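S.K.: could you work out the structure for the sequence below:
(chains A and B, ligands or ions: 1)
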Amino acid sequence: MARRHLAGVFLLSLAVGFLPGAVRAEAPDYHLAPEAVADGVYVLWGAQDALTPENGGAIANSGFIVGDEAVLAIDPGPTALFAQQLLDTIRGVTELPVKEAVVTHHHPDHAFGIEATVEAGIPVLMHPAAAKLLAREGETLLGFMTELVGEAWTAGTRIGAPTLAVETPQTIDLGGRAITVTPMTGGHTPGDLIVFDEKTRTLFAGDLVFIGRAATVPHADIPTWRAHVAALKAMNWRELVPGHGPLVNDPAMLDTLDAYLAYLDDFARTAWNRGDSPAEALMEPLPERFRGLAQVDVEFQRSLLSLFERFETHPPEPR
Amino acid sequence: MLARLAIGLSALLWMTAAQAQQADPMKSEMWETIRAEHLGGGTIAFDDSIRLMMPERVETAFSVPMVAKFVGDLHDVEEFVVIAENNPIQGVIRMTPYRPIESVGLDMRLEQSTPVRAAARTPDGVWHVASTFVTVMTQGGCSTPNPEGGASELGAIAAKTFDRVGGASRLKFKINHPMDTGFATQDDGTPIPAYYIESMTITDDHGPVADLHTSAAMASDPTIILDLPERQQSVKIDARDSKGLLFEFTSNPPTM
Ligand SMILES: [Zn+2]
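M.R.: Okay, here's the model as predicted:
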């Protein structure tokens, strides 16, 4: 009800804008505040929240890395407006050109700024499997986004296509700074990329890592994801920027994510194999150690429903 | 608004304690209409006889799971109905059980956020009603075309039985059918006519289990769950759709 009402308010403010002489409704502002987490490495922290009219969909972490000659942007965010404001923010930090933008995967909170980035003349890198999913599901997901955050934020956002496909590890030279973009696929989604800055050993892990927030699994293969988490823990980074949540400086901070994924996977298989409806399985209380995760009530329910839907066609192995 | 409130308050004052229990816990303005249309205006008990389980919040609502568990001594059910109040098709299922049933489960469409009611009538004529509210994030579970589903044959039924705790047996089956509501249109604006399973009869080696009258408010390719207190040896499901097509499933007799 509240959401409908808010949508109505947005429509009204747009209508007022068209009246001659009326004060035009102001475009909303993400108020992006980049934080330097390492020398030349900046992060724009997303809200640990659902998609709401207050946050405009800015719930994931984005970032940029500044070399001697150029800048690399990471995840142009949930809307065209976000992507434009991200580019403005970068211009406020450095005069160097943005050479390329990497999109870690196709989910709306990371990828809906693609079209605006391409329009700004910046090549966009993405895994081809992610590009395919974006083309297939983008319009529907944009409908969701608009419904949840309101048209004021999503106005002008179109589902774009990336310009460059990354299927094997690639190095981007920003001038005195080599950035490696590596596919780590089939876990969180079929097309995830991770971004590593050799100079400061900072790793942008995208949504392969959620800290303090319940992970999203609608496109996930959980066993593969857990193998990727183990691999990420063993990598030589000093600081890791997760897709959601605060900066990671200790591999042990990934343990809750791994435990949550293991629990979800096991719980869903067990419930399916004893013939439960998801409606019943959802009634079981969540273990204490996961209750503090942001959005866990919503995400656990969503995850269980999507896992059960998949089991319909791909039944899990009994354990 | 004020006048209605005043009437509401005075009505409340005149109620006896027993009658006060009949107040709709969902406080739905539509309740009296629903009661008249779907429950024949019968006596209502909003009690704990049914445990109604559904997700609190769903993103899309083409297929929302529900389980109603009859608890305590509510085993002598003559009629069982499920109603989604804010749907263009409110009645989801009307079931006549021939034997004690412990739980009923199904997948339903929800057009928008709505109270959902599960009601069971006992031989004394009382409807025991459980209610829950489901928030739907994206509207249109009844009025937009089905998301692309499996390519299985129309009317194909897959069934499985599970041993449940306490010696109960669960029959879980899925029937492939579009269950079109008649409220959706294709991309080019062509209406998709109503086409759905109208009735199902379930029989096992002990005799008839239940008759189900179903509507297009059930999800496409719905899964249906029935829990019986005793183990089932063999199951037969007969379904009939709105074009008169008949579909049948018979489980293999046990090989002991
Ligand atoms: Zn994300």
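S.K.: which bits of chain A sit near chain B?
M.R.: By Cβ under 8 Å from any Cβ of the partner chain, the residues of chain A that approach chain B are A:1, A:143-144, A:147-148, A:274-275, A:277-280, A:282-283, A:298, A:301-302, A:305, A:308-309, A:312-313. From N, CA and C alone the C-beta is placed, and that goes for glycine too.
S.K.: among those residues, which are located in helices?
M.R.: A:143-144, A:147-148, A:278-280, A:298, A:301-302, A:305, A:308-309, A:312-313 (DSSP state H).
S.K.: top of those residues by neighbour count?
M.R.: Neighbour counts for these (other Cβ atoms under 10 Å in any protein chain shown) peak at residue A:278, which has 27 neighbours.
S.K.: what comes up buried for stretch A:291-304?
M.R.: For stretch A:291-304, a neighbour-count test (16 or more other Cβ atoms under 10 Å in any protein chain shown) marks A:293-296, A:298-304 as buried.
S.K.: now for those residues, which pair is the farthest apart?
M.R.: Of all pairs drawn from the buried residues of stretch A:291-304, the greatest distance, 17.7 Å, lies between A:294 and A:304 (Cβ to Cβ).
S.K.: could the buried residues of stretch A:291-304 be laid out in CSV, adding pLDDT?
M.R.: CSV is the format used below for the buried residues of stretch A:291-304 (pLDDT from 0 to 100):
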residue, pLDDT
A:293, 95
A:294, 95
A:295, 92
A:296, 94
A:298, 89
A:299, 92
A:300, 94
A:301, 92
A:302, 90
A:303, 94
A:304, 94
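S.K.: where does residue B:220 land in three-state SS?
M.R.: Here residue B:220 is recorded as coil under DSSP: H, G, I helix; E, B strand; the rest coil.
S.K.: which ones are touching it?
M.R.: By Cβ atoms under 8 Å, 6 or more residues apart in numbering or on different chains, the contact list for residue B:220 reads B:62-63, B:146, B:149, B:177-180.
S.K.: the ones in helices among the residues of chain A next to chain B: which two are farthest apart?
M.R.: Using Cβ to Cβ, the pair of those lying farthest apart is A:143 and A:280, separated by 30.4 Å.
S.K.: from the stretch 151-300 of chain A, which residue is nearest to chain B?
M.R.: Nearest residue of the stretch 151-300 of chain A to chain B, counting by Cβ to the nearest Cβ: residue A:275, 3.2 Å away.
S.K.: for that residue, phi and psi?
M.R.: phi 90, psi 10 (degrees, to the nearest 10).
S.K.: can you check residue B:191 too?
M.R.: Phi and psi for residue B:191, reported as degrees, to the nearest 10, are phi -70, psi 140.
S.K.: strand partners of the longest strand along chain A, parallel vs antiparallel please.
M.R.: Longest strand in chain A, counting residues (DSSP state E): strand A:202-210. Strand A:202-210 has its sheet partners listed here by DSSP bridges as strand A:193-197 (antiparallel), strand A:239-244 (parallel).
S.K.: just put the ones you listed in a markdown table and tack on mean neighbour count, distance to the ion and mean pLDDT.
M.R.: Listed next are these as a markdown table, based on neighbours: other Cβ atoms under 10 Å in any protein chain shown; distance: least, Cβ to the ion, whole Å; pLDDT from 0 to 100:
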| stretch | mean neighbour count | distance to the ion | mean pLDDT |
| --- | --- | --- | --- |
| strand A:193-197 | 25 | 13 | 98 |
| strand A:239-244 | 26 | 5 | 98 |
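S.K.: what ranges does chain B have for its helices?
M.R.: Ranges of helices within chain B are B:2-14, B:17-20, B:31-38, based on DSSP H.
S.K.: sorry, slip of the keys, the one I care about is the stretch 151-300 of chain A.
M.R.: Assigned by DSSP state H, counting those that start in this stretch, the helices in the stretch 151-300 of chain A fall at A:151-154, A:222-234, A:255-273, A:278-281, A:296-313.
S.K.: in contact with the residue nearest in space to the middle of chain A, which residues?
M.R.: Compute the mean C-alpha point of chain A, and by Cα atoms, centre = their mean the closest residue is residue A:110, 4.0 Å away. Going by Cβ under 8 Å, 6+ apart, residue A:110 touches A:60, A:62, A:75-78, A:103-104, A:206-207, A:243.
S.K.: centre of the chain to stretch A:74-83, how far?
M.R.: 10 Å (Cα atoms, centre = their mean, to the nearest Å).
S.K.: gap between the two ends of it?
M.R.: End-to-end distance for stretch A:74-83: 10 Å, by Cα to Cα, to the nearest Å.
S.K.: pLDDT (mean, whole number) over that stretch?
M.R.: Stretch A:74-83 shows a mean pLDDT of 98.
S.K.: anything in it near the ion?
M.R.: No. If you take Cβ under 5 Å from the ion as the test, stretch A:74-83 misses the ion, and the best it gets is 8.5 Å.
S.K.: just the buried subset of the contacts of residue B:220, please.
M.R.: Neighbour counting with 16+ other Cβ under 10 Å marks B:62-63, B:146, B:177-180 as buried within the contacts of residue B:220.
S.K.: for those residues, point out the one with the lowest pLDDT.
M.R.: Within the buried ones among the contacts of residue B:220, residue B:146 has the lowest pLDDT, namely 86.
S.K.: what about that one, distance to chain A?
M.R.: In this view, residue B:146 and chain A are 13 Å apart by Cβ to the nearest Cβ, to the nearest Å.
S.K.: name the nearest residue to that residue, sequence neighbours excluded.
M.R.: Take residue B:146 and drop its neighbours on the chain: the residue closest to it by Cβ to Cβ, 6 or more residues apart in numbering or on different chains is residue B:220, 4.5 Å away.
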